[in-house]
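Asks: Give me the fold of what follows.
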Amino acid sequence: MTAPFQLSALPAPLQRYGAGPVCPPGFSRVHHAIAAQADKHPNAIAVEHLGTCLTYQQLDRQAEHLAAYLAGLGVRPGDRVGLFLTRSVSMVVGILGILKAGAAYVPQDIRITPPKHLRHVVSTAGIRVILTTGDHEVPADLGEIVTIDDIPANVRRSPLPSGGDAAMVIFTSGTTGQPNGVQVTHANLCNVLLTEPGSLRIGPGDRVGQLLNIAFDMAAWEILGALAHGATLVIRGRDVAATAASLTTVIATPSVLSTLDPADCPDVRTVAVAGERCPQSLAETWSRQAAFHNSCGPTEVTIVNTVQRYDGRLTIGRPVPNTTVYILDDDLRPCPIGEVGEMWAGGACVTDGYLGNEALTAERYRPDPFLGGTSRMFRTRDLGRWTPDGQLEHHGRTDDQVKVRGFRVELDAITSALELTPGCVRASTVLHENRLVGFVSPATVQPELARRIVEQQLPYYCSPTLIVPVDRLPMTERGKIDRRALVSRLGTVA
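Replies: From the prediction side, this is the model:
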């Protein structure tokens, strides 16, 4: 567990550049914040999906009913319950029911997750009970399967426990090919969702989209962030654009956001992106009609731990409240202002580590020498530097640094240069067979013009050997540019 955040524990330079404000979240359990909204606005619409709606009062009662049923099955505080389904009203009932039972939910999209991956999730998280809906088939050998829409009405009610510290377990891609389960606490979630700027000033009357894969940590920002502030969560169907047309708030990856036209979303007044590098042009386009927030942070530091309200200069902003960001050199010493180093995060954002992988936890989660005590900091593997006015600039990732002709090259720097090409909306860069290959979208972008732009912006060794125009860059199931899919296309390129 991370110790209470004490700004005074930091050296003066780190207080100025590396610390968010001290601000109590107001609740220690995220579902308590949602229950408070149900008390204040019982008849407001909490969830909407393809014509089906639940009020806050209905959602709260159904979640209480489910929690009582889970308790009857032996689910106890500290347990982890699988949530293997897809976007639906029942999905939201399932999340709240699990939290009310004192357990942590472990989400997986059953439509696209192979059985081998599900078995790994169940084994790693120690899951005994799995929630789903009647629309899906879950392999029976995974555990006790509970269909949310078939729970009997005569469930015995008893006082629900106060609950464990863990709220959810998110599985992220691992370097060994097996995903790692990251345990996120209620305190982590409350810190980012219930304070500004992570709260995004969402309130009653707002319509927040649920656009992302439910296994992605940013989906919790959509779902729990909307409900904790009394907004309506609008769950999308197959047509993302049709859902977005009715929203006031969009939380997405830049890749997903780039598929939407601001002109078709006239009521959107707040946008937040995270999960991958944001193009300047995307921020400029959406900021003409909405407050645009660019954010950064891996799952291990709870969805996002830095946020910027775009003001014409694109950065990743500053640490969220009660958290820290340190720019450190290879010896874990603070880098001078303006010098690129590796980003480490501390404070209330730091999660509880990887389930069942103590070695990796010890490698990536270290004692925090700046906050001291029992505090830990997390190695994000993001590269960044402080500007003189205390903003964080993102400079790619350590694993996106490649060697070309003996020179160290940042793939994100090349991508950013490609996106300066007139007409280019999105770009990506990969290293393939020791060659730099750039992809630009849409397919009407002129490769030679893109090459000249890169040569004007960067050293000669950063110029891609090949630039491939494509209609649209492929996305992973979590809404990020799929570099593996881009590499596979190179076999068809002459």
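Asks: what does the domain assignment say about the protein?
Replies: The record's domain split for the chain, according to automatic domain parsing, is 1-403, 405-492.
Asks: Could you identify which of those is most buried?
Replies: Looking across the domains of the chain with neighbours counted as mean count of other C-beta atoms under 10 Å, the highest average goes to domain 1-403: a mean of 19. (C-beta placed from N, C-alpha, C; glycine too.)
Asks: now it, how far from the chain's geometric center?
Replies: Taking C-alpha atoms, centre = their mean, to the nearest Å, the mean C-alpha location of domain 1-403 is offset from the chain mean by 6 Å.
Asks: so how far does stretch 268-281 reach from one end to the other?
Replies: Start-to-end span of stretch 268-281 (C-alpha to C-alpha, to the nearest Å) is 18 Å.
Asks: lowest confidence element among the helices and strands of this structure?
Replies: strand 401-404 (a mean of 75; mean pLDDT, DSSP states H and E).
Asks: can you give me the helices for the stretch 51-200 of the chain?
Replies: Assigned by DSSP state H, counting those that start in this stretch, the stretch 51-200 of the chain shows helices spanning 56-72, 89-100, 115-125, 186-193.
Asks: Could you export those helices as a markdown table, including mean pLDDT and distance to Pro464?
Replies: Output for the helices of the stretch 51-200 of the chain, formatted as a markdown table (pLDDT from 0 to 100; distance: least, C-beta to C-beta, whole Å):
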| stretch | mean pLDDT | distance to Pro464 |
| --- | --- | --- |
| helix 56-72 | 96 | 50 |
| helix 89-100 | 97 | 42 |
| helix 115-125 | 94 | 34 |
| helix 186-193 | 98 | 37 |
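Asks: which one of the ones you listed lies closest to Pro179?
Replies: Proximity to Pro179, assessed across those by C-beta to C-beta, is greatest for helix 115-125 (6.8 Å).
Asks: residues in contact with the closest one?
Replies: Outside helix 115-125, the residues within contact range by C-beta atoms under 8 Å, 6 or more residues apart in numbering are 80, 82, 84, 106, 108, 127, 130, 138-139, 142-143, 169, 171, 178-179, 181, 355-356.
Asks: and if we set it to 10 Å?
Replies: The contact list for helix 115-125, computed with C-beta atoms under 10 Å, 6 or more residues apart in numbering, reads 79-82, 84, 104, 106-108, 110, 113-114, 127-128, 130, 138-139, 141-143, 169, 171, 174, 178-181, 183, 215, 354-357.
Asks: In strands, which of those residues appear?
Replies: Counting by DSSP state E, the part of the contacts of helix 115-125 found in strands is 80-82, 84, 104, 106-108, 130, 169, 171, 180-181, 183.
Asks: would TSV of those with pLDDT and distance to Tyr461 be doable?
Replies: Below are the ones in strands among the contacts of helix 115-125 laid out as TSV (pLDDT from 0 to 100; distance: C-beta to C-beta, whole Å):
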residue	pLDDT	distance to Tyr461
Arg80	98	48
Val81	98	51
Gly82	98	48
Phe84	98	47
Ala104	98	47
Val106	98	45
Pro107	98	43
Gln108	96	42
Ile130	98	51
Val169	98	42
Phe171	94	37
Asn180	93	34
Gly181	96	40
Gln183	97	42
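Asks: Pick out the most distant pair among those.
Replies: The distance between the two most remote of the ones in strands among the contacts of helix 115-125 (C-beta to C-beta) is 20.0 Å, for Ile130 and Asn180.
Asks: which residues in the stretch 301-450 of the chain form helices?
Replies: Under DSSP H, counting those that start in this stretch, the stretch 301-450 of the chain gives helices at 358-364, 411-418, 447-457.
Asks: what is the rounded mean pLDDT of the very next helix or strand once past the last one?
Replies: Same thing as helix 447-457. Downstream of helix 447-457, the next assigned helix or strand under DSSP states H and E is strand 466-469. The average pLDDT within strand 466-469 is 96.
Asks: strands paired with strand 466-469, and their directions?
Replies: Applying DSSP bridges, strand 466-469 is found paired with strand 435-441 (parallel).
Asks: ok now the partner strand, how far from the chain's centre?
Replies: Distance, centroid of strand 435-441 to centroid of chain: 26 Å (C-alpha atoms, centre = their mean).
Asks: quick one: average confidence on it?
Replies: Averaged across strand 435-441, the pLDDT comes to 94.
Asks: One more: stretch 358-367?
Replies: Averaging pLDDT along stretch 358-367 yields 95.
Asks: quick revisit: so which of the helices of the stretch 51-200 of the chain is nearest Thr147?
Replies: Evaluated over the helices of the stretch 51-200 of the chain, closeness to Thr147 peaks at helix 89-100, with 9.0 Å, by C-beta to C-beta.
Asks: what angle do that closest one and helix 186-193 make?
Replies: Here the directions of helix 89-100 and helix 186-193 differ by 130 degrees (axes from the mean of the first three to the mean of the last three C-alpha atoms, to 10 degrees).
Asks: which residue packs closest to the spatially most central residue of the chain, ignoring adjacent ones?
Replies: Nearest to the geometric centre of the chain sits Met218, at 3.1 Å (C-alpha atoms, centre = their mean). Leaving aside its chain neighbours, Met218 sits nearest to Leu212 (5.3 Å; criterion: C-beta to C-beta, 6 or more residues apart in numbering).
Asks: which SS class is the one you found?
Replies: coil (DSSP: H, G, I helix; E, B strand; the rest coil).
Asks: Hmm, it is touching Arg478, no?
Replies: Yes: contact status for Leu212 versus Arg478: in contact at 7.1 Å, counting by C-beta atoms under 10 Å.
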